[in-house]
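Based on what follows, work out the 3D shape:
(3 chains)
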Amino acid sequence: MAAEIIHGLDSYLTFRLGSEYFGVNIGHVTKILGLVSVTRVPNSPRYFKGIINHFGEVLPVFDGRLKFGFQEVENTRNTCILILVFELDGQVLSSGIIVDSVEKVVVLDRDQIKSPPSVGKGFNNEFIYGISNVNDEFLIILNLEKIFSEEEISIINTVD
Amino acid sequence: MNSFVGKFKGEVREYCERLESGLLLLEQDPENEQVIGEIFRIMHTMKGSGGMFGFDLLSDVTHDLESLFEIFKSKRHKIDSEVISFTLNSLDGLLNLMIQKPKKEHLLQAKKMKADTLLQIARFTASEISTETEDRPTTSSPSPVPATAQTTWYISFIPDEKIFNNGTNPLYLIDELNALGECNVQVLLDRLPKLGEINPSLCYVSWNLFIATSEQMETLQDVFIFVADQAQIEIVKVSSGNSVRNERVLADFLNAQQNQEKWEPAELEIFKALTEPGASLPEVSEEDNISTKSAGEIAKNAVFAPATVDSIRVDSVKIDQYMNLVSELITAQSRLEQISSTLKVPELDAISETFGKLGRQLRDNAFDMSLIPLQSIGTRFKRLVHDLSKSLGKEVVLVTEGMETELDKNIIEKLTEPMLHIIRNSLDHGIESSKIRQEKKKELVGTISIKAYTVGSSVRIDIEDDGAGLDIEKIRQKAIEKGIITGQARLTSEETALLILEPGFSTSEVVTDVSGRGIGMDVARKRIQEMRGSIEIYTEKDRYTRFSIQLPLSLSIIDGLLVSVMDSSFVIASAVIKKIYTISRSSLKNDFRQVVEIEGIQFPYLNMHEEFFGQNSLPEEQYVVVVGFDNQLFGLVVDEVIREYQAVIKPLGKLLKGHDIFSGASILGTGQLALVVDTNKIIKKYS
Amino acid sequence: MSKQILVVDDSESIREVLAFSLRNEGYEVLVAQDGMDALQYFDGRTIDLLLTDYHMPNLNGLELILKVRSMDSYKFIPILVLTTENQIDMVKEARESGATGWLMKPFNTQKLLQTLHKVIR
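Alright, predicted model coming up:
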């Protein structure tokens, strides 16, 4: 029943959050859900939306926008929940993340992914696995292990 | 253990002095029975105790001296002055042999002493035939079996009616057999008289059993060693291999027994072949005859159906699977209940209700099966205290209480490491060396106690040491140094003590070999929290440190009350609920102390609506669910009480740190989720 | 409730080593230095097992057993006698006086528990 990470794939699911274009390795994505009802957990941080029943498992759902430091927006019909699986402290965990829209799957060779620029665009490098270019657009590939290992993080270094 | 050895050495010196004066008395009065008896008794004690404390040479030599004096005690011969001076001369030698790791010279000395003693014995007994016998009471001759292979034995155990008079409980012997191998036990009540004639001090029961074991026959006989003179015991080999569940073999065997035929131990392979469908042997017809004959007898001996076995071993993985299936069944059942309540079909209602009842029974049953006593890990604690206290050079006793308290098997498994770590910590940092204890005028021997007991639907385990206690001020300083707290933080001493459970905190200046090993204190707490448990620390300088662990009885299913607040559902464990009242908004309002008074009792409360969702659409009438914990009452104010509900608790997962007022979530029949309220945490947080 | 065992032996070291081992196993232990001393404990309290040495001053093991067996409340309690290996006769005598079983010295903890489990749980 427990989800598994599939390693060694070179496909990436791309999605949008605010003005940015993100990607995660397809091996970490177990499901794309439409907006299902999320049970609120009182007294939790704002970026944590609540929990859902995903085939008998209780999964936490995060708001990608808030988690990554963007402004919260109203849900649209494109809003959806990605169910991601990743490893944390030796444990395989699942979690949902609400994104503005899911774009497509792209195949990227290793040499098409570059290490994140040391300074640039105000992003917190630690959470970025690499960057690439898809159709002349800047794609940020996320390092899920890092993102979920911190309680309250902002992928964007405090700008303004 | 060293203190025992020291005491023993002192005792031996005293024994030797007493022997000396006794022997001197005998010199004057060689026939003084009392003195001879006393000498014999002292030698006997020295021999027995010597062996216990590892003074094997002493024990060995005294053994022969004792045999020598047996001659005079039994009045077979009179003691003479040669024996007296010989024995007197031996006493110094005995003291010399009081050594645990003998060198060559000691061995030689012992050998000489033994030889001399035997010479003395020989002087008196040369004419006698040795009457010494090492025979143990056995019922039949042993038959050698390869040590690893299993053999199936038949044991008939018919205790004398008066066996209780010796304080024997025959059931323990059956238990002992059960521990040696797989048993098929039949209790025979044929000697039981009419009800009115039963004398409770007599034993009317007897047993027939088959056991498959790799133990030798002698081991089986040893089980009955205490009752050999008070029971008829028959042990017969039935077959090689394990055939306790092979009814055909058992039936054939019993037939042979009944007809007093000689039984040739069966080779299991043949029976296997016969009982496996489709298997054929060259002489099918012949074998067939045998089996038809015995098939008729099977019914006669049907009492040997495996149903009579008291317990079976089940792979723990299977229990887990069973537990999971039951959980899913209950979740499915709540769906069914949901649907049937919307459809309002009477027949469906009835089925749903029955289904619900069965589900609950099944749950209780599964729950019961997965509970095991804390005792099952008790030896690990003993072992740890024993070994570690030795290597730390501290004297520590472990006192346990309530180890029969039962907890979910999975909890016990996960609990072992954290508990071992806490004990390790207590031994290492808590209990002082006996020198320091002496300075503090404390008992020289330190005590670590483990006390377990049930509190509502949880179990509490207190691990306490009577050591130095925690130095609260030092902990505070350290925590500030390490940046765990700021200098401004105002903490109670209990809160400060808890800082030692923070990652990166170590109370000891030097990470010792002992506590540095294995998991850390922070991990111990994490493990406990992962099981919806909590840990607290109480301490008093130079008096004690107590780690108090609280755990749920079971990880997975609870009886609960389903309530709603706004549009959300919550589950409160039934076990802690005392009463439910309706309450109007006005009686809660304007009470700045957050205390509610009901039936003359005041207690703190939490309005879940206000706290979680704000003033928005706060209903005029609400419910107070009064929960009690540790003699403390607390009110949970909710919007609606829906119904009783069996909650299969799913963990919220480790990503949700800091939401510890909820111990998990449960999937409702609608597929929606309800949060399970951790009342202890709520009480702590809000009262 | 843990079981209560009364240990009777005139050797302090044996007494202590037994008490230590038994307490370690979670039993409650009472100690007495001879049969006479032991009798004071048979005052109505629960004694789940009597573990007594054979040879003792004042009241010896056998005499103690006979006394205990004659008391209604303690008639059926298990009793183990401490002996040494060459005392088969003693074992027989002890059985006749009402002992449940015996424990041969020297013994280690394992042997002690093994024997104990034959008569109490």
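
Hmm, B:Leu491 is touching B:Arg476, no?
Yes: the criterion here is C-beta atoms under 8 Å, and B:Leu491 meets it with B:Arg476 at 7.3 Å. Heads up, the C-betas are built off the backbone N, CA and C, glycines and all.

so what sits against both of these two?
B:Ile485, B:Leu499 (C-beta atoms under 8 Å, 6 or more residues apart in numbering or on different chains).

Looking at these two, which is more packed in?
B:Arg476 (19 against 15; other C-beta atoms under 10 Å in any protein chain shown).

What separation do you get for that one and B:Glu443?
Relative to B:Glu443, B:Arg476 is positioned 29 Å away (C-beta to C-beta, to the nearest Å).

Same question for B:Asn365.
47 Å.

Return the residues of chain A in contact with chain B.
Within reach of chain B by C-beta under 8 Å from any C-beta of the partner chain, chain A has these residues: A:37, A:39-44, A:48, A:51-53, A:56-60, A:88, A:91, A:93, A:95, A:148, A:151.

and B:Ser434, how many residues sit next to it?
18.

got a list of contacts for stretch B:576-589?
B:456-457, B:561, B:596, B:598, B:605, B:607, B:618-629, B:633, B:637, B:641, B:679.

redo that, cut-off 6 Å
B:456, B:598, B:620-629, B:679 (C-beta atoms under 6 Å, 6 or more residues apart in numbering or on different chains).

Give the buried subset of those residues as a PyMOL selection command.
Selection of buried members from those for PyMOL, criterion 16 or more other C-beta atoms under 10 Å in any protein chain shown:
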select buried, chain B and resi 456+598+622+623+624+625+626+627+628+629+679
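
What values do phi and psi take at residue 110?
I went with chain A, as the question did not name one. phi -60, psi -40 (degrees, to the nearest 10).

look at chain B instead
phi -60, psi -40.

From chain C, how far off is it?
16 Å (C-beta to the nearest C-beta, to the nearest Å).

B:Gly635 now?
The value you get for B:Gly635 to chain C, if C-beta to the nearest C-beta is used, is 37 Å.

So which of the residues of chain A next to chain B sit within helices?
Residues of the residues of chain A next to chain B located in helices (DSSP state H): A:Phe148.

Isn't C:Met90 up against C:Thr83?
Yes: using C-beta atoms under 6 Å, C:Met90 is in contact with C:Thr83, at 5.3 Å.

Give me the more crowded residue out of these two.
C:Thr83 (24 against 19).

what about stretch A:93-103, distance to the chain center?
6 Å (C-alpha atoms, centre = their mean, to the nearest Å).

got a list of contacts for it?
Applying C-beta under 6 Å, 6+ apart, the set of residues contacting stretch A:93-103 is A:3, A:14-17, A:32, A:59-64, A:78, A:80-85, B:655.

Quick check on the residues of chain A next to chain B: which are buried?
In those, the ones that pass as buried (16+ other C-beta under 10 Å) are A:39-42, A:44, A:48, A:51-53, A:57-60, A:88, A:93, A:95, A:148.

In terms of pLDDT, where does residue 59 sit?
Here I'm looking at chain A. Note on A:Leu59: pLDDT of 89.

not what I meant, chain C
On the pLDDT scale, C:Leu59 gets 85.

Backbone dihedrals for it, both of them.
Taking degrees, to the nearest 10 as the convention, C:Leu59 sits at phi -110, psi 120.

Just to check, C:Thr84 is in contact with B:Gly48?
Yes: with contact defined as C-beta under 6 Å, C:Thr84 counts as touching B:Gly48 (4.7 Å).

All set now, cheers.
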